[in-house]
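Engineer: With the input below, show me the fold.
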Amino acid sequence: MTLLLEQMLNGVQFGVMLFLLAAGLTLVFGVMGLINLAHSSLYMIGAFAAAWAGAHGWSFPLALLAGAGAAALTGIAIEVAVLKRLYQRDHMDQVLATFGMILFFNEAMAMLFGRQPLMATVPGFLSGSVEIIPGVPYPLYRLAIIAVGIAVAALLYVLISHTRAGMLVRAGATHRDMVRALGVDIGLLTTGVFALGAALAGLAGAMTGPLLSVQVGMGDRILITTFVVIVVGGIGSVRGALAGSMLVGMVDTLARAYLPGMLKTVMVATEADAIGAGLSSMAIFILMAAVLLIRPRGLFPAHG
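Structural biologist: Have a look, this model is predicted:
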């Protein structure tokens, strides 16, 4: 039972990181209709910026701000310089262009920092463990990630549902021409949305750095999982991104933790390990297929 509770907390923590990535990506797609594969590069840039800041003596909160800020500024730059030209193009053009940007940013990070991984450390005040449930010690840093994710989700809810800026974002997603006719600067609105999404991706990378090595291409591995989250939750929906993130994070974590052991009860250990590893990797895609069979537009589609 103790191990199960710990793995469930790991699933929540992984889901929170996926939410920070998926929320920005689904906002960009919902408002601008843009498929942005380079979102994973903003995650990597945030991780590198935070690791660099920490290595140069910045406090942990400032390092997080550096990661989110570097990703936001990079996001603004690529939105203004490149992506504005892609909004009216078809999705294949968007995919090809943003995939090319992944290659560009991977090489840029290699030129700036080298190809050896950087090691970011957990700050002293967040090191150690705490027993949130008697007999279940859990790393304080992972709990901090969960808390930050919950706070970001609450702030996004308030921003989108209860502010004028959020009203314009929701209106721009469904009635773009009408919003423009009312005198709203759509270009400024889309740049702001993109900057917000980029900052969330950078924050995710900055907070992941102490758990994983910070290295070139680190965003590529999580990109597909982020798209699975968006499809499961419902494209264009922040509420769907939150629900999909928690579901995908939990399924992925529990499958990797328990599936090989369960298979060992019915087959030899070597075969169980091999088959279990493969099925664990497939678990989130099986989940996605099951959700789409029941709800083809995802759990909480943005419109209609």
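Engineer: max-length helix in this protein?
Structural biologist: Criterion DSSP state H: the longest helix present in the chain is helix 2-32.
Engineer: Would you mark the buried spots in that one?
Structural biologist: Neighbour counts over helix 2-32 (16 or more other CB atoms under 10 Å) mark 6-7, 9-32 as buried. (Glycine included, C-beta is placed from N, CA and C.)
Engineer: what does stretch 46-62 give?
Structural biologist: Buried residues in stretch 46-62 (16+ other CB under 10 Å): 46-54, 60.
Engineer: Let me know the closest of the residues you listed to residue 225.
Structural biologist: Comparing the buried residues of stretch 46-62 against residue 225 with CB to CB places residue 47 closest, at 16.1 Å.
Engineer: Centre of the chain to stretch 295-304, how far?
Structural biologist: For stretch 295-304, the separation from the chain centroid amounts to 20 Å (computed by CA atoms, centre = their mean, to the nearest Å).
Engineer: Which ones among the buried residues of stretch 46-62 lie within helices?
Structural biologist: Counting by DSSP H, these place 46-54, 60 in helices.
Engineer: Pick the one among these closest to residue 127.
Structural biologist: Nearest to residue 127 among those, with distances taken as CB to CB, is residue 60, at 10.9 Å.
Engineer: who's in contact with that closest one?
Structural biologist: Neighbouring residues of residue 60 by CB atoms under 8 Å, 6 or more residues apart in numbering: 54, 123, 125-126.
Engineer: Flag the shaky bits of the protein, pLDDT-wise.
Structural biologist: The chain contains residues with pLDDT under 70 at 1, 170-177, 179, 182, 184-185, 303-304.
Engineer: just the strands in it please.
Structural biologist: 129-133, 136-139 (DSSP state E).
Engineer: Out of those strands, which one sits most buried?
Structural biologist: strand 136-139 (a mean of 17; mean count of other CB atoms under 10 Å).
Engineer: Mind giving me the packing neighbours of it?
Structural biologist: helix 2-32, strand 129-133 (3 or more CB pairs under 8 Å, 6 or more residues apart in numbering; DSSP states H and E).
Engineer: Residue 115 is nearest to which of those?
Structural biologist: helix 2-32 (23.4 Å).
Engineer: gap between that closest one and the chain center?
Structural biologist: 6 Å.
Engineer: packing partners for that helix?
Structural biologist: helix 39-55, strand 136-139, helix 140-162, helix 164-174, helix 186-208, helix 220-233, helix 238-263.
Engineer: What are the buried residues along the last one?
Structural biologist: Spelled out, it's helix 238-263. Quick answer for helix 238-263 (16+ other CB under 10 Å): 238-257, 259-260, 263.
Engineer: Check the fifth one too.
Structural biologist: Residues of helix 186-208 classed as buried under the neighbour-count rule (16+ other CB under 10 Å) are 186, 189-208.
Engineer: Return stretch 236-245 as PDB; C-alpha atoms alone will do.
Structural biologist: Only the C-alpha atoms of stretch 236-245 are listed here, as PDB (Å, rounded to 0.1, in the frame of the first residue of the first chain):
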ATOM      1  CA  GLY A 236      -8.300  23.800 -27.100                       C
ATOM      2  CA  SER A 237      -9.500  23.100 -23.600                       C
ATOM      3  CA  VAL A 238      -7.400  24.100 -20.500                       C
ATOM      4  CA  ARG A 239      -9.800  22.100 -18.300                       C
ATOM      5  CA  GLY A 240      -9.300  19.100 -20.700                       C
ATOM      6  CA  ALA A 241      -5.500  19.600 -20.500                       C
ATOM      7  CA  LEU A 242      -5.700  19.400 -16.700                       C
ATOM      8  CA  ALA A 243      -7.900  16.300 -16.700                       C
ATOM      9  CA  GLY A 244      -5.900  14.600 -19.500                       C
ATOM     10  CA  SER A 245      -2.600  15.400 -17.800                       C
END
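Engineer: Pull the residues that contact it.
Structural biologist: Outside stretch 236-245, the residues that reach it (CB under 8 Å, 6+ apart) are 15-16, 18-19, 22-23, 25-27, 29-30, 153, 156-157, 160, 173, 228-234, 298-303.
Engineer: Relative to residue 153, how far out is the residue lying closest to residue 157 once chain neighbours are set aside?
Structural biologist: Nearest non-adjacent residue to residue 157, counting by CB to CB, 6 or more residues apart in numbering: residue 238, 7.5 Å away. Separation of residue 238 from residue 153 (CB to CB, to the nearest Å) stands at 8 Å.
Engineer: hey, what's in contact with both of the two?
Structural biologist: Both residue 238 and residue 153 are in contact with residue 23, where contact means CB under 8 Å, 6+ apart.
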